[in-house]
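# below: sequence and its predicted model.
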Amino acid sequence: MGLFDFFSKEKKETLDKGLEKSKTNIFDKLSRAVIGKSVVDEEVLDELEEILISSDVGVGTTIKIIQRIEKRAAEDKYTNVQELDRILREETAALLEENNSQDVGNSFETEHLPKPYVLMVVGVNGVGKTTTIGKLAYNFNKAGKKVVLGAADTFRAAAVEQLKLWGKRVDVPVIDKGMNTDPSSVAYDTIKQGIEMDADVIIIDTAGRLHTKVNLMNELGKIKRVMQKILPEAPHEVMLVLDGSTGQNAVIQAREFTKVTEVHSLAITKLDGTAKGGVVIGISDEFKIPVKYIGVGEQMTDLQVFNKMEFVDSLFKKGE
C-alpha cells in the first residue's frame, strides 16, 4: 500500500471533484512548464514556484516546498511530469506533517469531548459561516448527537433568519431573540437550554465585523464571560470560518482574527468554486492552527473533516 492509498473511495471522489478547478489550474500550467524538459532544472523550479504562488499556496510555504524539491532533484534526475507530481505531493505532505497542526480525525464523534461541547463560530460576513454551522449541525445530528444552535449574530436580521432556516432543514433547535439584542444573552440562553435539553453539542453563531476590531474583541470577550457564568469552561472551541475562494484575503482575515481572539480551529469553505485551493496548504503551514473542516460542494455532506495528506494527494495528483 502506497503513502496515499488508504483514503475512503467515496470521500476521495467528493474531494477530487471539489478541487477540480484547482487541480486543472495547477496541472495545465505544470504541463506547459515541463514541455521539452528531460530533467527538473532551475527553470522548471522557477515555473513551479510561480504556479504554487498563483494557486495561493503563499510565498513562504511555496519557498519551503521548492527548496525541498530542489534538494531531491539534486540527488537524482526526474524526467517527467508524473515523477514531479509525485515528489510535489510527497514533499508538501511531509512539510505539513512536520508542523504543529494535527488532523482532528472523525470530529463528528463526541464521546471524548465534554458534554455539552460548546463551539463558538467566528468569521466575517459572507464567508459561509452560517451555512457551515448548518452543515456541522447536520453531520453531528447524523452521527446521533443532540445539537442546539444559538443565533448570536444579532446585528443582521438575515443571519438570524438564515440560521433558523438551517435549523428547520436539519431538524435542530435554534435559540434566538431576534435582531439587535445582546449577543451574549443569546449565548447564555442557548447554553442554559442546551443543558436542559441534554445536548451533546452547542454551536453559537457570532457577528463578523473586522472593520471595528476593538468592538469585535470586546464583544467576543463579553460573550465568553457571560457563557462562563453558566458553564465555566465554555467555549471549548473557537472556530474561524474562512472563504477559500478569496485566496490570500482569507490569510489576511486569519491574521486579523487571531490578533483579537484565541482561535482553536479553522473551517475553509467554497473550495469547489475556486482555482485557489492551495490556500489551505498555506494557511495550515503558516498558522499552525488545525484546519478542521473544508467545504468542497453545496451538499450538506460536502463539508469534510480535513486530512492534510488526503488533501495534498487530491490537489497535486494528476488526473487519470
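It's in. None of these values were measured; they are calculated from a predicted model.

# pull the CA atoms of the helix or strand bottoming out on mean pLDDT in the chain into CSV?
Among the helical and strand segments of the chain, the one scoring lowest on mean pLDDT, DSSP states H and E is helix 9-18, with a mean of 81. Presented in CSV, the C-alpha positions along helix 9-18 are these (Å, rounded to 0.1, in the frame of the first residue of the first chain):
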residue,chain,number,x,y,z
LYS,A,9,-13.2,6.0,-2.0
GLU,A,10,-16.4,8.0,-1.6
LYS,A,11,-14.8,10.8,0.4
LYS,A,12,-11.9,10.9,-2.0
GLU,A,13,-14.2,11.2,-5.1
THR,A,14,-16.0,14.1,-3.4
LEU,A,15,-12.8,15.8,-2.6
ASP,A,16,-11.3,15.3,-6.1
LYS,A,17,-14.5,16.7,-7.6
GLY,A,18,-14.5,19.7,-5.2
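
# give me the helices and strands touching it, please.
strand 303-305, helix 308-316 (3 or more C-beta pairs under 8 Å, 6 or more residues apart in numbering; DSSP states H and E). Yep, even glycine has a C-beta here, placed from its N, CA and C like the rest.

# pull the distance from the first one to the chain's centre.
Yep, that's strand 303-305 we're talking about. Taking C-alpha atoms, centre = their mean, to the nearest Å, the mean C-alpha location of strand 303-305 is offset from the chain mean by 9 Å.

# turn the helices and strands packed on helix 9-18 into CSV, columns for mean neighbour count.
Formatted as CSV, the entries for those read as follows, by neighbours: other C-beta atoms under 10 Å:
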stretch, mean neighbour count
strand 303-305, 20
helix 308-316, 23
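
# Ile230 and Tyr188 touch, don't they?
Yes - between Ile230 and Tyr188 there is a contact under C-beta atoms under 8 Å: 6.1 Å.

# quick one: which of these two has more around it?
Between Ile230 and Tyr188, Tyr188 has the larger neighbour count (other C-beta atoms under 10 Å), namely 22 against 15.

# circling back to that earlier point, in JSON lines, list the helices and strands packed on helix 9-18 along with mean pLDDT.
Formatted as JSON lines, the entries for those read as follows, by pLDDT from 0 to 100:
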{"stretch": "strand 303-305", "mean pLDDT": "90"}
{"stretch": "helix 308-316", "mean pLDDT": "88"}
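
# wait, which of these is closest to Glu75?
Set against Glu75 and scored by C-beta to C-beta, these come closest in helix 308-316, at 20.3 Å.

# list the buried residues in the host helix or strand of Val44.
Here Val44 is covered by helix 42-54, with elements defined by DSSP states H and E. Applying a neighbour-count criterion of 16 or more other C-beta atoms under 10 Å, one finds Val44, Leu45, Glu47, Leu48, Glu49, Ile51, Leu52, Ile53, Ser54 buried in helix 42-54.
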